[in-house]
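J.: I need the structure of the sequence given here:
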Amino acid sequence: MFKLGHAISLNCSSDVAADKVIWKKNGTEVEKLSDLAGRHELKGLTFEIAHAKEDDFGNYTCAERGVSGVAGEWQLLARAHAKLPTDTNVVEGQKLKLQCKLIGKPYPPVTWTFTNQTDGSNATEVTALLGSRVLLQRSEQGVEFGELVVEAAERGDAGIYTCTPQDGVPASTRLRVKDMYAALWPFLGICVEVFVLCAIILVYEKRRTKPEQDDSDTDNHDQKKS
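T.: Below you'll find the model as predicted:
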């Protein structure tokens, strides 16, 4: 198993003549693979990849050219790194969907754990905690159990969810479950503000109109007396 971004070094058997050794990846000579061009080097009986990428996984062999059989064989797997957003928000009652994305092929299956502790301690496997409410299925990326789905999120679902690839590096996201009426309160606040503003304007207009009516009545009365 190799780490992404690190060097890979394979050493062939000393029984092979260094000037006749041939290296292959999945049955193809490494010199003919464009994805390894400029990144690999042959040093006698040693084969090196300077900067490992996730597509460098596969079966590697070394043998002496013109001789049947292989002198060395390796199966390389990239150590998978999980990726999740730092924070996730969902409204109570709505569907929760978490996608655990992996870097490092071939993609291994993952496991999900949950805790409501801020320090991430006392994590519990999600299916043991949420039971039939949670569904773990293959993700769009093709990761087994890489997608976590809860049809209707509850307030108690809030906490830290961690996705851990087999023999890989985990990732976590902090889930916040918002009150289903949370979006309604700002709207109601605006409605109240508009109502109060309209009431103030209405009162002001009434007070301004009344003196004008009083002056008009006085003028009419004076005209009748004259």
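J.: show me the residues around the residue positioned nearest the centre of the chain that make contact.
T.: Centroid-nearest residue in the chain, with CA atoms, centre = their mean: Leu84, separated by 2.8 Å. Listed by CB atoms under 8 Å, 6 or more residues apart in numbering, the contact partners of Leu84 are 98-101, 161, 163, 171-173. No exception for glycine: its C-beta is placed from N, CA and C like everyone else's.
J.: and if you look at Thr124?
T.: Contact analysis of Thr124 by CB under 8 Å, 6+ apart lists 113-115.
J.: close enough to count as contact, Gly58 and Gly27?
T.: No. Applying CB atoms under 8 Å as the test, Gly58 and Gly27 come out as separate, 9.5 Å apart.
J.: Comparing those two, which shows the higher neighbour count?
T.: Higher neighbour count among Gly58 and Gly27: Gly58, with 17 against 8, using other CB atoms under 10 Å.
J.: just for the protein, where's the confidence low?
T.: Within the chain, the stretches with pLDDT under 70 are 181-188, 209-226.
J.: which residue ranges form the helices in it?
T.: 126-130, 184-225 (DSSP state H).
J.: Bridged to Ala78, which residues?
T.: Phe2 (DSSP bridges).
J.: my guess is it contacts His6, does it?
T.: No. Using CB under 8 Å as the test, Ala78 is too far from His6 to be in contact (10.3 Å).
J.: so what's in contact with those two at the same time?
T.: Ala52.
J.: neighbour count winner among these two?
T.: Ala78 (23 against 12).
J.: how near is that one to Ala128?
T.: Using CB to CB, to the nearest Å, we find Ala78 at a distance of 30 Å from Ala128.
J.: could you list every residue that touches the nearest residue to Thr46 once chain neighbours are set aside?
T.: Spatial nearest neighbour of Thr46, chain neighbours left out: Asn11 (5.3 Å); criterion: CB to CB, 6 or more residues apart in numbering. Neighbour list for Asn11: 45-47, 72 [criterion: CB under 8 Å, 6+ apart].
J.: Nice, that's everything, thank you.
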